[in-house]
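In: Sequence first, predicted coordinates after that:
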Amino acid sequence: MQSQCILSVQTPVGPPVEIIRHTYPAAQSTQPTKRVSLVAGLHGDELAGLYICHRLMETLKNLEAQNPSAFKGEVHVYPAVNPHALETGTRLWPFFSADINRTFGEKNTPSLVAKISAALLDDLKSNSDLVVDFHASNLHLMELPQIRIIKNFEKKLIPLAKLCNVRLIWIHPHAEIFESTLGYNLNQANIPTLVIETGICLRINKNYCDPIVQGILNLLQQTGTLDLGETIAEVASPKLVQPDHVAMVHARSAGLFVKQMQVGKMLTAGEKIGDLIDPGRAREEVRAPCAGLLFTLREHPLTGKGAPLARIATEKPFTP
Ligand SMILES: [Zn+2]
């Protein structure tokens, strides 16, 4: 493994901001079959990706020592691309509260954060044929391991997403807000990029991370990047969810949401998901509007009116 600092920026306080890329080169000196990059920590409070990268780097390190000829292609790992936010455990870049994953692409006003995102994007573009960008959810919602794909890119990305051992692939309609994300800009540049979302921020849930570790090894194997022989475990087939097959459940009033379910449950129509309580007011039972797979569930009890409580992947198109 070789480690390289792709960007170092001096700051007025503390040590410089540095982004490190770890590279596992192909065994032969000829062109690598495929160059795959794994990116984690764009949001500094999303720790699941760091854990997944740690597990994968452990495996790759052992493989390098025991079976170096397994590396047919090249693997790059960028395990902590927003180090300042990570130090403080915050989603946003701490000095200007900027979301680094909304600063990619041409349209952004110049800033230090935009400089960092530009350097990361350039480095990924020159070193990757395929990218996986790991995320966890925000403070409020627990997410079943899933890959989110913007509709324009579905043809190229679905076959790759199916290799990653996630529980579902959610096709999103295009929205302008995605245009400044890393995933969108790489896909626009014809570098297929999968955005994986799992669990919740500031926590590591092994049950939601370990299958993805297996899935990424499978992705590396199936794309010819690694040759792991027979040792690779079979991966589960994800549920493919079209935009109109998602039922959103929102809070009808403000209160404390007390969940009564876990994500991953197959719900029947009318099944109770939890309660919305407010001292002095009648308890409101929250029920599934239709049958389907519960893939998002509110974890943070403090709930404003209209806040999301759950998402359910349905079998038939859902109309509220
Ligand atoms: Zn994120």
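Out: Perfect, I can see it now. Residues are numbered from 1 along each chain as shown.

In: if I pick residue 238, what's in contact with it?
Out: If you count contacts by Cβ atoms under 8 Å, 6 or more residues apart in numbering, residue 238 has them with 146-147, 161-162, 164-169. (Glycine included, C-beta is placed from N, CA and C.)

In: next helix or strand past the one helix or strand residue 54 maps to?
Out: When secondary structure is defined using DSSP states H and E, the element that contains residue 54 is helix 48-66. Beyond helix 48-66 on the C-terminal side, the first helix or strand identified by DSSP H and E is strand 74-78.

In: How far off centre is stretch 63-75?
Out: Computed by Cα atoms, centre = their mean, to the nearest Å, the chain-centroid distance of stretch 63-75 equals 25 Å.

In: and what of stretch 219-236?
Out: With Cα atoms, centre = their mean, you get 21 Å for stretch 219-236.

In: which neighbours does the longest strand that the chain contains have in its sheet, and in what orientation?
Out: For the chain, the strand reaching the highest residue count under DSSP state E is reported as strand 141-150. Strand 141-150 has its sheet partners listed here by DSSP bridges as strand 168-172 (parallel), strand 193-199 (antiparallel), strand 292-298 (antiparallel).

In: hmm, back to that, just the buried ones from the contacts of residue 238, in PyMOL syntax?
Out: Here is the PyMOL command that selects only those of those that count as buried (16 or more other Cβ atoms under 10 Å):
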select buried, resi 146+147+161+162+164+165+166+167+168+169
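
In: Which strand residues bridge the residue in the stretch 101-250 of the chain positioned nearest to the ion?
Out: In the stretch 101-250 of the chain, the residue found nearest to the ion is residue 135; the distance is 3.4 Å by Cβ to the ion. For residue 135, the beta-bridge partners are residue 197 (DSSP bridges).

In: returning to what we had before: show me what the helix holding residue 54 is packed against.
Out: For helix 48-66, the contact count by 3 or more Cβ pairs under 8 Å, 6 or more residues apart in numbering; DSSP states H and E identifies strand 17-24, strand 35-40, strand 74-78, strand 130-135, strand 193-199, helix 206-222 as packing neighbours.

In: Now mean pLDDT, distance to residue 152 and mean neighbour count too, for those, in CSV please.
Out: Rendered in CSV, the data for the helices and strands packed on helix 48-66 read as follows (pLDDT from 0 to 100; distance: least, Cβ to Cβ, whole Å; neighbours: other Cβ atoms under 10 Å):
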stretch, mean pLDDT, distance to residue 152, mean neighbour count
strand 17-24, 95, 28, 18
strand 35-40, 98, 21, 25
strand 74-78, 98, 25, 23
strand 130-135, 98, 17, 25
strand 193-199, 97, 13, 26
helix 206-222, 96, 21, 21
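
In: Domain parsing of this structure, as residue ranges.
Out: Under automatic domain parsing, the residue ranges defining each domain of the chain are 2-240, 242-313.

In: just the ones you listed: most buried one?
Out: Stretch with highest mean neighbour count among the domains of the chain: domain 2-240 (a mean of 18; mean count of other Cβ atoms under 10 Å).

In: contacting residues around the helix or strand bottoming out on mean pLDDT in the chain?
Out: Using mean pLDDT, DSSP states H and E, helix 83-88 stands out as the lowest-scoring helix or strand of the chain, at a mean of 87. Residues from elsewhere that reach helix 83-88 (Cβ under 8 Å, 6+ apart): 11, 17-19, 41, 43-45, 50, 80, 91-95, 100.

In: out of those, who's near the ion?
Out: Subset of the contacts of helix 83-88 in contact with the ion: residue 43, counting by Cβ under 5 Å from the ion.

In: Just the CA trace of the least confident helix or strand of the chain, in CSV.
Out: In CSV, the C-alpha atoms belonging to helix 83-88 read as follows (Å, rounded to 0.1, in the frame of the first residue of the first chain):
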residue,chain,number,x,y,z
PRO,A,83,-10.9,15.8,8.4
HIS,A,84,-11.9,19.0,10.1
ALA,A,85,-15.5,18.1,10.3
LEU,A,86,-14.5,14.6,11.5
GLU,A,87,-12.4,16.0,14.3
THR,A,88,-15.4,17.8,15.7
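
In: and after it, which helix or strand comes next?
Out: Scanning forward in sequence from helix 83-88, with DSSP H and E defining helices and strands, the next element found is helix 112-127.
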